[in-house]
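Student: 3D, please:
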Amino acid sequence: MARLKVTQIRSEIGRKQNQRHSLRSLGLKRINDVVVKEDRPEIRGMIFTVSHLVKVEEVE
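Tutor: This is a model prediction of the structure:
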């Protein structure tokens with residue numbers, strides 16, 4: 001199964017509550033934090049919510 005490398009590139013300060021919760025659920029706490037997640041619909045939905053705050057790459 002494919003995996004996604006998610007990097008937080010912008011701050012959560014001043015963002016809506018659901019966007020802050022999505023970042024925390026992804027495991028991102030500060031700028032330049034990196035997590036590797038499985039490519040599933042739930043994860044894709046959270047990434048879509050905060051797409052302007054993160055950078056996504058596919059990894060094997």
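
Student: which stretches of the chain have low pLDDT?
Tutor: Nowhere does the chain drop to pLDDT under 70.

Student: need the strands for it, in chain order.
Tutor: If DSSP state E is used as the criterion, the strands of the chain fall at 3-8, 34-38, 54-59.

Student: Looking at those strands, which is nearest to residue 44?
Tutor: Minimum separation from residue 44 across the strands of the chain (Cβ to Cβ) falls at strand 3-8, 8.2 Å. In short, each C-beta sits where N, CA and C put it, glycine included.

Student: the inter-axis angle of the closest one versus strand 54-59?
Tutor: Counting by axes from the mean of the first three to the mean of the last three Cα atoms, to 10 degrees, strand 3-8 lies at 160 degrees to strand 54-59.

Student: hmm, back to that, export the strands of the chain to JSON lines and append columns for distance to residue 48 and mean neighbour count.
Tutor: Shown next, in JSON lines, are the strands of the chain (distance: least, Cβ to Cβ, whole Å; neighbours: other Cβ atoms under 10 Å):
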{"stretch": "strand 3-8", "distance to residue 48": "12", "mean neighbour count": "18"}
{"stretch": "strand 34-38", "distance to residue 48": "13", "mean neighbour count": "13"}
{"stretch": "strand 54-59", "distance to residue 48": "10", "mean neighbour count": "13"}
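
Student: Let me have these in CSV, extended by distance to residue 18.
Tutor: What follows is the strands of the chain, written out as CSV (distance: least, Cβ to Cβ, whole Å):
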stretch, distance to residue 18
strand 3-8, 16
strand 34-38, 18
strand 54-59, 15
